[in-house]
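got a predicted structure plus its sequence, pasted below:
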Amino acid sequence: MPWKAFDFRGDKVWARVLDTGKPIVRNGLAEIRYKLGANKSYKTARENLEEFEPEEEILSDEAFGGGPLPTPATQIRETPAQAPDATTIVIHTDGACSGNPGPAGVGVHILRPDRITEYSEFIGDGTNNVAELTAILRGIELLDASEADRIIHLYTDSGWSLGVLVGGWKAKKNVALIEKIKVRLPEFPKLELLKVRGHSGASGNEEADELAVRAVRREETSKRERTR
């Protein structure tokens with residue numbers, strides 16, 4: 001996500017912003033860095049950031065430097081950049097839609113070292129893209145704040161979702177939903193959004209697909225956890 005310079009108590013700092021130039025705020029706090037190319041982030045209340053006049057330009061991650069760069073659309077990954085370790089969390093998400101639009105559901109399968117979470121949610125009438133994006137959002141929302149430093153691999157078979165989230169594609173629809181996901185991503189700096197080929201028998205993806213289809217078929221929401 002891009003950066004923009006603000007006045008912070010007399011100092012020039014850079015804050016993570018949405019494409020509109022508004023700071024990304026979570027629990028009332030915005031992420032700031034003190035110089036171009038810095039890797040260390042700090043948090044401050046949104047009201048501490050004041051616009052310069054004239055307003056500063058918005059910088060891409062690449063122009064800002066420091067920190068991980070978003071994956072280009074031509075290089076959307078199937079293989080994680082960070083190899084899994086003993087504490088890695090693997091998430092598979094999928095959306096299902098009976099008609100487009102039509103009754104829609106999402107499925108989330110989370111594999112932790114000690115347990116498996118299966119989440120199935122009926123979201124009412126929607127499009128396939130809405131179902132896929134909502135599934136990704138739920139996958140992130142089902143993470144614990146204590147897992148912020150963990151390596152997390154989140155897989156989806158929706159190339160469109162990856163394109164608008166990390167590939168630099170400009171979305172004309174579902175903008176609010178896309179921004180909800182983008183706001184949550186900085187909370188888990190080691191989370192990678194990855195592509196999996198749908199209906200290819202991949203473990204995790206098949207389970208997520210089944211959970212999404214079940215939500216549509218039963219028109220209900222359920223969550224189940226079990227130890228490994």
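Received, thanks.

any idea which helix or strand carries Lys180?
Take DSSP states H and E as the rule and Lys180 turns out to sit in helix 175-184.

identify all contacting residues around that helix.
Applying Cβ atoms under 8 Å, 6 or more residues apart in numbering, the external contacts of helix 175-184 come out as 1, 18, 24-26, 130, 133-134, 136-137, 140-141, 164-165, 171. Heads up, the C-betas are built off the backbone N, CA and C, glycines and all.

among those residues, name the buried ones.
1, 18, 24-25, 130, 133-134, 136-137, 140, 164-165, 171 (16 or more other Cβ atoms under 10 Å).

pick the one among those closest to Glu53.
Nearest to Glu53 among the buried ones among the contacts of helix 175-184 is Leu18, at 20.4 Å by Cβ to Cβ.

who touches the closest one in this structure?
Here Leu18 is in contact with 1-2, 24, 179, 182-183 (Cβ under 8 Å, 6+ apart).

how are the helices of this protein distributed by residue range?
With DSSP state H as the criterion, the chain has helices at 61-64, 128-141, 159-165, 175-184, 205-218.

with mean pLDDT and distance to Pro113 added, can I get those helices in CSV?
Listed next are the helices of the chain as CSV, based on pLDDT from 0 to 100; distance: least, Cβ to Cβ, whole Å:
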stretch, mean pLDDT, distance to Pro113
helix 61-64, 82, 30
helix 128-141, 97, 17
helix 159-165, 90, 26
helix 175-184, 93, 22
helix 205-218, 96, 17
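
would TSV of those with distance to Ile89 be doable?
Formatted as TSV, the helices of the chain follow (distance: least, Cβ to Cβ, whole Å):
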stretch	distance to Ile89
helix 61-64	24
helix 128-141	10
helix 159-165	18
helix 175-184	15
helix 205-218	14
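
and the two most separated of the buried ones among the contacts of helix 175-184?
Greatest spatial distance among the buried ones among the contacts of helix 175-184 (Cβ to Cβ): Val25 and Val130, at 24.0 Å.

CA atoms only: put the helix holding Lys180 into CSV for me.
The C-alpha trace of helix 175-184 is given here as CSV (Å, rounded to 0.1, in the frame of the first residue of the first chain):
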residue,chain,number,x,y,z
VAL,A,175,-14.1,-0.8,-3.7
ALA,A,176,-15.3,-0.6,0.0
LEU,A,177,-14.8,-4.3,0.5
ILE,A,178,-11.4,-4.2,-1.1
GLU,A,179,-10.4,-1.3,1.2
LYS,A,180,-11.6,-3.3,4.3
ILE,A,181,-9.1,-6.0,3.4
LYS,A,182,-6.3,-3.6,2.6
VAL,A,183,-6.8,-1.9,6.0
ARG,A,184,-6.3,-5.3,7.8
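
may I see the buried residues of that helix?
177-184.

of those, just say which sits nearest to Gly37.
For these, the minimum distance to Gly37 (Cβ to Cβ) is 21.9 Å, reached by Lys182.

and the longest strand anywhere in the chain, how far out from the chain's middle?
The longest strand of the chain (DSSP state E) is strand 115-126. Relative to its chain's centre, strand 115-126 lies at 17 Å (Cα atoms, centre = their mean, to the nearest Å).
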